[in-house]
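Participant: Take this sequence and fold it.
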Amino acid sequence: MNTIYVENEIKDNSRTLSILSKFKRSRILYINKYSEIFNKKNQSFRLQKKDPLLILAKKKNNLVLKAPEGFGIGANKNYYFSHMYNCIYDCKYCFLQGLYSSANYLVFVNYEDFLTQIKNLITRNKGKSITFFLGMTVIH
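Facilitator: Prediction:
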């Protein structure tokens, strides 16, 4: 990873610092919002795919979403969440594939906020069958 962009709001976050410690030779640039870099119009997906950037950010809204119709495994309620956009895998069946025109990797470091929303959905749907999808992982 040659260049890593970090949102100012999470530059001192312990998870951010841990990730950055793995990339000692990378150039670190600070930004206000990940949208300054990620998924801008007129980006060259193919060019970015050759040498993608890493962007570390905090996701603020819509952390856990309803899964599209037909993407369940029999539960009453199906949700998905993505703490990373543009997964390192290239699964053909993934309904999130092609969602963004950017090939850069965007990692949200605020895992605890995702967990809080998941717990709230479980509490609100007590007694119902719920499935949470994260890429290839299923939490049931």
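Participant: what's around the nearest residue to Q48 once chain neighbours are set aside, how many residues?
Facilitator: Nearest residue to Q48 in three dimensions, chain neighbours excluded: A103, at 3.6 Å (Cβ to Cβ, 6 or more residues apart in numbering). (C-beta placed from N, C-alpha, C; glycine too.) Using other Cβ atoms under 10 Å, A103 has 18 other residues around it.
Participant: any idea whether A103 is helix, strand or coil?
Facilitator: Classification of A103 using DSSP: H, G, I helix; E, B strand; the rest coil returns coil.
Participant: quick one: contacts for it?
Facilitator: A103 sits next to 43, 45-46, 48-49, 52, 86 when contact means Cβ atoms under 8 Å, 6 or more residues apart in numbering.
Participant: how does it look with 7 Å?
Facilitator: 45, 48-49, 52, 86 (Cβ atoms under 7 Å, 6 or more residues apart in numbering).
Participant: Please convert the buried members of these into PyMOL selection syntax.
Facilitator: Per 16 or more other Cβ atoms under 10 Å, the buried members of the contacts of A103 correspond to this PyMOL selection:
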select buried, resi 48+52+86
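Participant: List just the nearest of the contacts of A103 to S26.
Facilitator: Nearest to S26 among the contacts of A103, counting by Cβ to Cβ, is P52 at 12.3 Å.
Participant: Report the contact partners of that closest one.
Facilitator: P52 touches 103-105, counting by Cβ under 7 Å, 6+ apart.
Participant: So what touches stretch 108-128?
Facilitator: Contact with stretch 108-128 is made by 10, 13, 15-16, 56-59, 63-64, 76-77, 79, 81, 83-84, 130, 132, as judged by Cβ under 7 Å, 6+ apart.
Participant: Note down every partner strand of whichever strand or helix holds Y30 and its orientation.
Facilitator: Using DSSP states H and E, Y30 sits within strand 27-31. Strand 27-31 has the following strand partners under DSSP bridges: strand 3-7 (parallel).
Participant: neighbouring contacts of the strand it pairs with?
Facilitator: 16, 20, 23, 26-34, 37, 53-58.
Participant: Kindly export that strand (C-alpha atoms) in CSV.
Facilitator: Extracted C-alpha coordinates of strand 3-7, given in CSV (Å, rounded to 0.1, in the frame of the first residue of the first chain):
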residue,chain,number,x,y,z
THR,A,3,-0.7,5.7,0.1
ILE,A,4,-3.1,5.6,3.0
TYR,A,5,-5.7,8.3,3.6
VAL,A,6,-7.0,8.8,7.1
GLU,A,7,-10.0,10.8,8.3
